[in-house]
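> Whatever this is, show me its structure:
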Amino acid sequence: MTSAAVPLLAGLTAKARAAAHARSSACPCGATTLADRPDGLVVRHADTVAKAHAPGTEPAELAGRLSVAARHPDILLPPLGRAPATLHGRLVTFWPYGAPVDPDDPDAAPWEAAATLLARLHRTPAPPGLPCMRGPAKAARAVTRLREAGPHPAAAPVLRAWATLPPWARAEAPMPHAGTLCHGDLHLGQLVRRPVDGPWLLIDVDDLGTGVPAWDLARPAAWYACGLLPPEEWTRFLAAYREAGGPAVPAEGDPWPALDVAARALTAQTAARAVAKAAAAGRPLDEVEQSVVDACDRMATVPPQLAQEHAK
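As a prediction, this is how the structure comes out:
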C-alpha cells in the first residue's frame, strides 16, 4: 500500500467499524483488509464489509448497480443501503460479510452454483438506464497497460491475438444485442455464502450492467481452452448453466461459436496483465502465465468463431 492510501485505509476501517456497530454490539478484535487494489480497497470489521471503489466511479452508475443487487437478494449479495458514502474522494459502500470460496479446496469449487446464479441473472430483466457491463472496457485497459509497460518478448503474441477480435470485444464499438443483465467479471472469487452454510450469492457489482451474456462464461471457458480448468469442471459448469436456462449458449450442441470471441478476449486480458506485471518486475513468466501467452500465440493464427447473433 502506498503512503497516499494509508489515510483511506484508516478512514475506511473507521467507517466499517461504525457501520458494524450500528447493526450489532458484537466486536471481534480489530479489522481485516480483504483486498487492496487500485480499483478497490475492502475492509471487514465484525459482520460488516466496507469497500472504497475505484477513483472516478460514477455515483449514479454505482447507485443503479446497488439497486439491482438490493432487488435481487437471491442472486446478488444485497448492500447495506443503496446510497454510497464518500471518503477521500472515493465512493464507499457497505455490505454484510459472506464466507468466500476456499482457494485451498479446489474439489469443493461451486461451479454448479456459479453457473446457476449466472443463468438466473441473465434471465432477469435489466432495469431501464442501467449502464453497459464493463468487461470489454477492462480487457481493453489491460491491453493498454501492456503497451505502456515497455518491451517484453511475450507482448507480441498477446497483441496479435487481441487484433483478431471484433471491435465490440475490444471496446471499440457497442456490444451487439446487449440487453442482457450481466455480472461483467465472473470468477470464483465473486461468490460468497451468507450465512456460512447458506446458499451461494454473487458479489462485486462494479462491472454489472447490460451486455453480451457469453462474457460471464468467458473466464472459465478460457481457462478450459488454455488447459487450466479440467474438462470435467468445465462440463459441470456448462451443464448447470444450460439446465438453469441460461441464454448465453444454445441449449444443445456446440457452445463454442457463442463463447469463442469472449473467451479469446479474456485470454488476451489475462495474458496482458501477466506480461505487464512480469515486465514491471523484470522477471520471466511463470508456467501459468506462459500458458495463456501460448494460447494467444495459437489464437492469432486462427480467426475467431462468430455466433450468428454476434456476426450481424
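
> Report the secondary structure state of the residue most central in space within the chain.
By CA atoms, centre = their mean, the chain has its centre lying nearest to Asp185, at 1.8 Å. What DSSP: H, G, I helix; E, B strand; the rest coil gives for Asp185 is coil.

> Next up, the contacts around it.
Applying CB atoms under 8 Å, 6 or more residues apart in numbering to Asp185 gives the contacts Arg134, Gly135, Lys138, Asp204, Asp206, Asp207. (C-beta placed from N, C-alpha, C; glycine too.)

> And for Ala149?
Here Ala149 is in contact with Ala155, Val275, Ala276, Ala279, Ala280 (CB under 8 Å, 6+ apart).

> I'd say the fourth one and Glu148 touch.
No - with contact defined as CB atoms under 8 Å, Ala279 and Glu148 do not form a contacting pair (9.8 Å).

> okay, those two: which has more neighbours?
Between Ala279 and Glu148, counted using other CB atoms under 10 Å, Ala279 has the larger neighbour count: 20 against 9.

> In which helix or strand does the more buried one reside?
Using DSSP states H and E, Ala279 maps to helix 256-281.

> again with Leu117
helix 111-122.

> Send me that helix as PDB with only the CA atoms.
Extracted in PDB, the C-alpha atoms of helix 111-122 (Å, rounded to 0.1, in the frame of the first residue of the first chain):
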ATOM      1  CA  TRP A 111     -19.100 -24.500 -10.300                       C
ATOM      2  CA  GLU A 112     -22.800 -25.500 -10.400                       C
ATOM      3  CA  ALA A 113     -23.800 -22.800  -8.100                       C
ATOM      4  CA  ALA A 114     -21.900 -20.200 -10.100                       C
ATOM      5  CA  ALA A 115     -23.500 -21.300 -13.300                       C
ATOM      6  CA  THR A 116     -27.000 -21.400 -11.900                       C
ATOM      7  CA  LEU A 117     -26.600 -17.900 -10.400                       C
ATOM      8  CA  LEU A 118     -25.400 -16.600 -13.800                       C
ATOM      9  CA  ALA A 119     -28.300 -18.200 -15.600                       C
ATOM     10  CA  ARG A 120     -30.700 -16.600 -13.200                       C
ATOM     11  CA  LEU A 121     -29.000 -13.200 -13.500                       C
ATOM     12  CA  HIS A 122     -29.100 -13.400 -17.300                       C
END
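
> What are the buried residues along it?
Trp111, Glu112, Ala113, Ala114, Ala115, Thr116, Leu117, Leu118, Ala119, Arg120, Leu121, His122 (16 or more other CB atoms under 10 Å).
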